[in-house]
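A.B. asks: Below are the sequence and a predicted model; questions follow.
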Amino acid sequence: MPPILNAQGLSKSFGATPLFRDIAFTVSDGDRIGLIGPNGAGKSTLLKILAGEEDGDSGDVAVRRRARIGYVRQESTFGSGKTIREILEAALVAGNVAEGEREGKLRETSGRIGLPDVTVEAATLSGGWRKRLAIAEAIVAAPDVLLLDEPTNHLDLAGIAWLEELLNEGSFASVIITHDRYFLENVATEIVELNRVYADGVLRVQGSYSKFIEARQAYLESQSRLEESLRNRVRTEVEWLRRGPKARATKAKARIDTANQLIDQLKEVSARGQSTTATIGFAGTDRQTKRLVELNDVTIELGGRKIVEHLSFLIANGTRVGLVGPNGSGKTTILRLLTGELAPSVGEASQAGSLRMVYFSQMRELPEKVTLRRALAPDSDSVVYQGRVVHVASYAQKFLFTGDQLNQPVERLSGGERARVLIARLMLEPADLLLLDEPTNDLDIATLEVLEESLLEYKGALVLVTHDRYMLDRVSTTVLGLDGKGSSAVFADYPQWEQWFLSQQSERETAPETEKTASPVETAAVLTKKKLSYLEAREFATIEERVEAAEARLDAARDLVSDPEVAVDATKLTEALAEMELAQADSDALYARWAELTAKAG
């Protein structure tokens, strides 16, 4: 069989900016292709061209005869007044499905998306359910290939697991743009990266995402060796040219031409190798207070619904909390509680004095009409970053913005660019506690990796809400899980939470209505064996006193280092600094152990 889609010689530019040039892209039966690349590489544009919604500047796309193409856009919107049934019926008609088969396909597909009530108005659905409906609209007519642009955006953990199963079991081929690395690992059978660092503009590797990482590293290393070899050859030829060869001789003329070709080739290889990524680094404070925010037996009730009840939780300095739960479970509500914007219905939420908090909202509020320059530096042409005055153009360059973009209005920026602007603004504010609500949406994989490293290096406390499972697993030191029913539980890491949550989903689907499902705390206790042993219980009973003693020792060590008599004596100062370092290490270790025992005790 010929490929379902066969694109050859595709080029596309926006104005003077080329997205990709003369690339090839084929999709055959059974392919599950993960399409990745840096922001601005043209991934969404390529998908639109493959879907027939946009034309390339040059090149051809051949579609196999009678092949059906399903296409799910990045944003899933539906007209008001349209029900789920009406949307799916219209898709069946557009897909030329025989009238006698339509009802069966409609019922089968609506069941697969998990929303059997097809009379619901589509526009009233949440973002996650609208995404599911958009996917159902694309698959109801049994496409040969399904094109998906960022399908995991707006899906919660259960929705992502559902989509993974749908794609892995589907009879159709698929091309998926996503930055979710776990999703790529679980679904894709080959990875294509669209990136100008490659000679052909793309790198295509058979296998999982981890296989692709290995192949990409090997490619980049070979390019580095090629560049070094060319550099050495060019150096030899340039030295020969400087000696003034006689260009009239045939051999000399040929060598001069070869030298110029080598110089051009070196320029091309060097230019491809100059990839850029955003520079991200959050500034902590020198705050010594360990207990930043404490929630004591907190219950939050909104609109007659209990978001969470009887929640007790401590956020200590240096703690990195992953806040997880299904859509609508109250993750953003918890963040609003931590900021002080929302008061608990019952219980107490207390903050350390003069706590410096920075909040990244998933709403991504930015002044739309102002220029990028004014969004970063409202009152001048410079910003204060990590104690230094930096020109706004230099600061913007750290986040991959060009000088030309400084005078463009914010409303023209892409989703990924808007995320980078918000992160850039947050980095200007030193913080004891970072609250990040879905910071990863629209960021490319390279930027995600830089963001991860910056969060790992950040010295303050962090509460992170994200559907990027890889980032949660790598960054968080503890996980606070919500079940959407008012209960919560603490987990040692993200895989424990995932195991518990998926088992809860399975139990709810299979348990009889009269049977009581175990609470999150009960299930967590069974799955993660959090009950303290006798020795751990004795340790836990005295750890707060030992923490206070360690802090007193640390304060005394700091006072000794600050003593003027010690400061002028090299021997005494060295001893005092060593004692302060030991005291700091003991204090940090005790706080870490306290957090670990607290998590085990539930």
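C.D. replies: Received it, and whenever you're ready, just let me know what you need. Numbers count the residues shown, from 1 in each chain.

A.B. asks: Please pull out the lowest mean pLDDT helix or strand from this structure.
C.D. replies: Comparing helices and strands within the chain by mean pLDDT, DSSP states H and E singles out helix 520-528 as the least confident, with a mean of 38.

A.B. asks: Flag every buried residue along stretch 311-324.
C.D. replies: By 16 or more other C-beta atoms under 10 Å, the buried positions in stretch 311-324 come out as 311, 313-324. Any C-beta I mention is one placed from the backbone N, CA and C, and that applies to glycine too.

A.B. asks: before we move on, what about stretch 344-363?
C.D. replies: Pro344, Gly347, Ala349, Gln351, Ala352, Leu355, Met357, Val358, Tyr359, Phe360, Ser361.

A.B. asks: For Gly304, state which of these is nearest.
C.D. replies: Pro344 (16.0 Å; C-beta to C-beta).

A.B. asks: which two from the buried residues of stretch 344-363 end up farthest apart in space?
C.D. replies: Pairwise distances across those (C-beta to C-beta) peak at 25.8 Å, for the pair Gly347 and Phe360.

A.B. asks: Tell me where the stretch 101-250 of the chain is predicted with low confidence.
C.D. replies: Counting by pLDDT under 70, the stretch 101-250 of the chain shows low-confidence ranges at 116, 227, 230, 234, 237-238, 240-250.

A.B. asks: run the last query once more with 80
C.D. replies: In the predicted model, the stretch 101-250 of the chain carries pLDDT under 80 at residues 114-116, 126-127, 154, 156-158, 220-250.

A.B. asks: re earlier: make CSV out of the buried residues of stretch 311-324 and add pLDDT and secondary structure.
C.D. replies: Formatted as CSV, these follow (pLDDT from 0 to 100; DSSP: H, G, I helix; E, B strand; the rest coil):
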residue, pLDDT, secondary structure
Leu311, 90, strand
Phe313, 90, strand
Leu314, 90, strand
Ile315, 91, strand
Ala316, 87, strand
Asn317, 86, coil
Gly318, 85, coil
Thr319, 89, coil
Arg320, 91, strand
Val321, 94, strand
Gly322, 93, strand
Leu323, 93, strand
Val324, 90, strand
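
A.B. asks: from those, which single one is nearest Asp29?
C.D. replies: Nearest to Asp29, judged by C-beta to C-beta, of the buried residues of stretch 311-324 is Val324 at 36.9 Å.

A.B. asks: which strands and helices sit next to the one helix or strand Ser44 maps to?
C.D. replies: Counting by DSSP states H and E, the element that carries Ser44 is helix 43-51. If you count contacts as 3 or more C-beta pairs under 8 Å, 6 or more residues apart in numbering; DSSP states H and E, helix 43-51 packs onto strand 5-14, strand 17-27, strand 32-36, strand 69-72, strand 145-149, strand 173-177.

A.B. asks: And the next helix or strand past it?
C.D. replies: strand 58-63.

A.B. asks: in that next one, what counts as buried?
C.D. replies: Within strand 58-63, the residues scored as buried using 16+ other C-beta under 10 Å are Gly59, Val61, Val63.

A.B. asks: does the second one really touch Ala7, like I thought?
C.D. replies: Yes - with contacts defined as C-beta atoms under 8 Å, Val61 counts as touching Ala7 at a distance of 4.6 Å.

A.B. asks: Would you mind giving the buried residues of strand 58-63 as a markdown table with pLDDT and distance to Val450 added?
C.D. replies: A markdown table is the format used below for the buried residues of strand 58-63 (pLDDT from 0 to 100; distance: C-beta to C-beta, whole Å):
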| residue | pLDDT | distance to Val450 |
| --- | --- | --- |
| Gly59 | 94 | 33 |
| Val61 | 95 | 34 |
| Val63 | 95 | 38 |
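
A.B. asks: Show me the helices in the stretch 251-400 of the chain, by range?
C.D. replies: 331-339, 372-376, 392-397 (DSSP state H, counting those that start in this stretch).

A.B. asks: Point out the other elements, helices or strands, that the last one touches.
C.D. replies: Translated: helix 392-397. Applying 3+ C-beta pairs under 8 Å, 6+ apart, we find helix 392-397 packed against helix 372-376, strand 382-385.

A.B. asks: Now whatever helix or strand comes next after it - C-alpha only, CSV.
C.D. replies: With elements assigned by DSSP H and E, the helix or strand that comes after helix 392-397 is helix 415-427. Taking Å, rounded to 0.1, in the frame of the first residue of the first chain, the C-alpha atoms of helix 415-427 are listed here in CSV:
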residue,chain,number,x,y,z
GLY,A,415,1.1,30.6,23.6
GLY,A,416,4.7,29.5,24.2
GLU,A,417,6.0,33.1,23.9
ARG,A,418,3.4,34.4,26.4
ALA,A,419,4.4,31.7,28.8
ARG,A,420,8.1,32.8,28.5
VAL,A,421,7.0,36.5,29.1
LEU,A,422,5.3,35.5,32.3
ILE,A,423,8.2,33.5,33.5
ALA,A,424,10.5,36.4,32.6
ARG,A,425,8.4,38.7,34.8
LEU,A,426,8.3,36.3,37.7
MET,A,427,12.1,35.9,37.6
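
A.B. asks: Please work out the average pLDDT along helix 415-427.
C.D. replies: Averaged over helix 415-427, pLDDT sits at 80.
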